[in-house]
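>>> Dropping a prediction and its sequence here:
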Amino acid sequence: MSMHSDPDRLMKLVAVVSAHVVLLPSKEEHMRKPLALIVEDEPMIVVDIEASLKQAGFAVASEPSCVRARQILALVEPDVVILDVLLQDGVSSSVAEELVARNIPFVIYSATDIEGRGEAFKAGTFVEKPADDSVLVALASSMATASTAGELASVWLKSMQVGTI
């Protein structure tokens, strides 16, 4: 059973994964916000995307490796995943395969071509680096299964127009 369908298990969970502490969103935060998982090994890219997604109303978790991403996916079911192709421990095709098997929508955000990297990547939406964070936020919002995803994108876009970000 996934964390997404068992909210009691999501309460302020701290998962110790390969000696790496991961803070997952609290039950309350995840119940009112869609969850985005960023699988990216470039810290500055993670910081930028995370800030934009949070501004758009997402709860966000991130992991820099295939192994850790799969371990997190064993604990939670994100509403959407932002996935880089090349990570610290190799090509993320195993993560993409798991996302496809579990019907979790994902954006492939990479400077690396996906051709010949695995069939599972074809199920994602490819965005070439670098791209404006607004593109990723719009895609994540449209892919998220939370009923408020459309409202979140609207609020975020309105805040961009008013200059509150």
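Done, it's in.
>>> From A120, how far out is Q55?
Q55 is 30 Å from A120, where distance means C-beta to C-beta, to the nearest Å. Any C-beta I mention is one placed from the backbone N, CA and C, and that applies to glycine too.
>>> the more surrounded of the two?
Counted by other C-beta atoms under 10 Å, Q55 and A120 do not tie: A120 has more neighbours, with 20 against 17.
>>> Tell me who's in contact with the more buried one.
Each residue near A120 by C-beta atoms under 8 Å, 6 or more residues apart in numbering is listed here: 93, 96-97, 99-100.
>>> Take those residues and lay them out in CSV including distance to L136 and secondary structure.
As requested, the contacts of A120 are exported to CSV (distance: C-beta to C-beta, whole Å; DSSP: H, G, I helix; E, B strand; the rest coil):
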residue, distance to L136, secondary structure
S93, 21, helix
A96, 17, helix
E97, 22, helix
L99, 16, helix
V100, 20, helix
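>>> mind listing the helices for this protein?
Using DSSP state H, the helices of the chain run over 27-32, 43-55, 66-75, 93-101, 133-143, 149-162.
>>> pLDDT weak spots in this structure?
Under the criterion pLDDT under 70, the flagged ranges of the chain are 1-31, 116, 145-165.
>>> make it 90
1-33, 76, 112-119, 144-165 (pLDDT under 90).
>>> and the nearest residue to K129 once chain neighbours are set aside, what is it in contact with?
Nearest residue to K129, sequence neighbours excluded (C-beta to C-beta, 6 or more residues apart in numbering): A111, at 4.2 Å. By C-beta under 8 Å, 6+ apart, the contact set of A111 is 128-130.
>>> Is F126 in contact with I114, as I believe?
Yes. Contact criterion C-beta atoms under 8 Å: F126 and I114 qualify, at 6.1 Å.
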